[in-house]
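> Give me coordinates for this.
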Amino acid sequence: MAEGDVHTVKHGDGWANKVEGGQRVSNTSSTKAEAQAKGREMAIERGVEHVVHKQDGKIGERNTYPRSRDPRESKG
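This is a model prediction of the structure:
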């Protein structure tokens, strides 16, 4: 993963977005959906990967922005 990728992670009783390589969370939300939407916006603005973690910390979803940067040949 490249430095600067955005991770949506469980944070206390809510969810947060953390930029890889950073020391602190960028923002917090009470729901995963809100945090995921903010994380997606951040990743699109920066042109990096958005990594969404499950509640247990495992990676549940990964999206690359812009799509042309995606190293995988498959669609979706």
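
> got the contact list for Ser30?
Asp13, Gly14, Trp15 (CB atoms under 8 Å, 6 or more residues apart in numbering). (Each C-beta comes from the backbone N, C-alpha and C, glycine too.)

> ok, now with 7 Å
Residues near Ser30 by CB atoms under 7 Å, 6 or more residues apart in numbering: Gly14.

> any idea of the pLDDT on it?
Looking at Ser30, its pLDDT is 98.

> neighbours of Ala35, just the number please.
Using other CB atoms under 10 Å, Ala35 has 23 neighbouring residues.

> and it, helix, strand or coil?
With DSSP: H, G, I helix; E, B strand; the rest coil as the basis, Ala35 sits in helix.

> what about it, distance to Arg24?
Using CB to CB, to the nearest Å, we find Ala35 at a distance of 15 Å from Arg24.

> next one: Val52
As judged by CB to CB, Val52 and Arg24 stand 19 Å apart.

> Next: Met42.
Counting by CB to CB, the gap from Met42 to Arg24 is 14 Å.
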